[in-house]
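Structure of the sequence below:
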Amino acid sequence: MSAEPETSNIDETPFIDETRDAKSRYGRFNLAVIGGTGVGKSSLVNAVFGHDLAKVGKGLPLTHGVQYFSDDSLGIWDVEGFEIGSTVPPAEQLRGYLQEIAKRPNNEQISVVWYCVKSNDDRLTKADIAMIDELSRAGLPVILVLTKVDWSRNPITGQRGVSKSVEEFVNWLENPVDGHGQPMSIGYERVILTSTSDKHGKGKGHGLGELVAETLSLSPKNEQDAFRIAQRLNLPWKRELARPVIAAATAAAAGAATVPLPIADAVTLAPIQLGMMARIAVIYDIEMKTALSTSSLANLGAQLAGRALASSLIKLIPGAGSVVNAGVAAALTGATGEGWLRLCEHVHTGKIKLDEMNEAWNQYVPGFLDVLRKMAEQRVGK
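This next block holds a predicted model:
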C-alpha cells in the first residue's frame with residue numbers, strides 16, 4: 001500500500017479562499033420580525049433558523065426599540081412591541097425605525113417582514129393595521145404570522161384543526177371587513193398559522209414549513225440563496241445548491257486529468273476538492289474555523305488526494321493502470337463531494353457535533369464502490 005502524501009504538500013488556501021468567496025457570493029438575507037411583547041418572536045426565529053440571535057426569555061421585554069442580529073447568511077431586525085400609552089402612535093414610531101434602517105448598508109436592508117400576532121388575540125388592533133400598512137407603503141412584503149396556535153387533532157381523520165375563535169379570526173383576516181361590513185385592504189401578503197411547540201412545550205411545532213416556503217417566494221431573487229442557506233427546515237433546498245457545486249468540481253477535476261496524472265501527482269486535485277468542500281460547508285451554514293484548524297484542513301486535503309487514491313484504489317479499477325485519468329479524477333471528486341455533503345447534513349441536523357467533524361470525516365471518505373458507482377454514472381450520462 002502506498003504511503004499517503006505528506007500533509008505539508010497540501011495547501012489549505014483554496015478552502016479558506018473559497019469559503020470567503022462563497023459567503024460573499026451568497027450574501028445575507030435580512031428578516032424583520034415585528035410584534036408585541038410575549039408574542040413568541042424569538043422562539044419563532046430560533047425554530048426556523050436554529051440561531052440564538054435573539055435570546056428567548058420570560059417576563060420583561062428583551063428588546064427596546066430595534067436591534068439587529070447578524071451572521072454571514074442571516075440578519076434579523078428585531079422590532080420591539082409597541083406598548084399602549086406611548087405619546088407617539090405606533091405607525092409613526094415604526095416609520096422612524098424604517099427610516100433609520102434605510103440608512104444602513106445594502107447588506108442590512110430588510111427583505112421580508114414577519115408581523116407576529118398571537119392567535120388567541122382574535123383580532124387585529126387599529127395600531128396593527130396601521131403598522132402593517134406602513135410596512136406595505138415602504139415596499140416591504142409582509143407575512144402576517146399567527147403564533148402560539150393551539151392545534152387539535154381529529155381522532156377519526158387525523159387532520160389538525162384550531163379552535164372556533166381562531167378559525168373565525170383567520171376567516172376575517174382572509175376577507176377583512178370594517179365595523180360597517182365594508183371590505184378592507186390590509187397590506188399583508190399571506191396569513192400563516194404557526195406554533196413552535198405543542199401546548200405542553202414539546203414537539204417541533206407546526207406551520208413552520210409553510211412559513212419558510214412563503215418567505216422564500218416573497219424574497220428578492222438575489223437573496224433567495226442566502227435564505228435557503230440560513231433556514232434549517234428544508235434540507236432539499238440545500239442539496240439543490242450543493243449538487244451544482246459538486247458537478248462543477250467534478251468537471252474541473254476531469255479537466256485537470258485530461259492528460260492522465262501519475263498517482264504521485266494526484267495531489268493536484270486537492271485544491272479543486274477542497275474548494276468544493278468549502279462551498280458546501282457554507283451552504284450548510286457550518287463555520288469550519290470552529291471545526292477544523294489550519295493543520296486539520298491540510299491533513300484533510302492529504303486524505304482527499306492521497307487516502308482514496310494511493311491506498312491501492314486505482315489498482316482495483318479495471319483499465320485505470322497506474323495513473324489517474326479524467327474519468328477516475330471526476331468520479332473520485334464526485335464521490336468525495338457526496339460524502340462531504342452527507343457529513344455536512346449530519347452536522348447541520350445535529351447528528352454529529354461540529355467539533356467532531358475532523359474525526360468523523362474518516363467515515364465519509366469515498367471508497368472503491370463509491371468511485372466505481374460514479375464512473376458508471378458518467379458512462380450512463382454520456
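
Let me know the secondary structure of residue 51.
coil (DSSP: H, G, I helix; E, B strand; the rest coil).

Show the average pLDDT along whichever strand or helix holds residue 250.
Under the criterion of DSSP states H and E, residue 250 resides in helix 235-256. Helix 235-256 carries an average pLDDT of 95.

And the strands in the stretch 151-300 of the chain?
Counting by DSSP state E, counting those that start in this stretch, one finds strands in the stretch 151-300 of the chain at the ranges 152-153, 160-161, 190-193, 261-262.

Quickly note the distance from the closest residue to residue 214 other than its chain neighbours to residue 169.
Nearest non-adjacent residue to residue 214, counting by C-beta to C-beta, 6 or more residues apart in numbering: residue 190, 5.2 Å away. Glycine gets a C-beta too; all of them are placed from N, C-alpha and C. Per C-beta to C-beta, to the nearest Å, residue 190 is found 15 Å from residue 169.

The two: which has the busier surroundings?
Legend: neighbour count by other C-beta atoms under 10 Å for residue 190 and residue 169, higher for residue 169 (22 against 17).

distance between the ends of stretch 30-40?
19 Å (C-alpha to C-alpha, to the nearest Å).

buried set for it?
Of the residues in stretch 30-40, 30, 31, 32, 33, 34, 35, 36, 39, 40 count as buried by neighbour count, 16 or more other C-beta atoms under 10 Å.

Could you pull up phi and psi at the residue nearest to the first one when sequence neighbours are not counted?
Leaving out its chain neighbours, the residue that sits closest to residue 30 by C-beta to C-beta, 6+ apart is residue 75, at 3.9 Å. Here is the backbone geometry of residue 75 (degrees, to the nearest 10): phi -130, psi 140.

do residue 186 as well
phi -120, psi 140.

Could you do residue 138 as well?
Torsion angles, degrees, to the nearest 10, at residue 138: phi -80, psi 0.

Could you tell me the model confidence score at it?
Looking at residue 138, its pLDDT reads 96.

Now it: closest residue in space that isn't a chain neighbour?
In space, residue 138 is closest to residue 98, 5.3 Å off (C-beta to C-beta, 6+ apart).

Report how many residues lie close to the one you found.
Using other C-beta under 10 Å: residue 98 sits among 19 other residues.

quick one: contacts for it?
Going by C-beta atoms under 8 Å, 6 or more residues apart in numbering, residue 98 touches 134, 135, 138.

Residue 229 now?
Residue 229 touches 26, 29, 73, 238, 241, 282, 283, 284, 285, counting by C-beta under 8 Å, 6+ apart.

The third one reaches residue 25, doesn't it?
No - distance between residue 73 and residue 25: 11.2 Å, which falls outside the contact criterion (C-beta atoms under 8 Å).

The two: who's more crowded?
Neighbour count, other C-beta under 10 Å: between residue 73 and residue 25, residue 73 has more, with 22 against 12.

can you pull the contacts of the more buried one?
Here residue 73 is in contact with 23, 26, 27, 28, 29, 226, 229, 230, 282, 285 (C-beta under 8 Å, 6+ apart).
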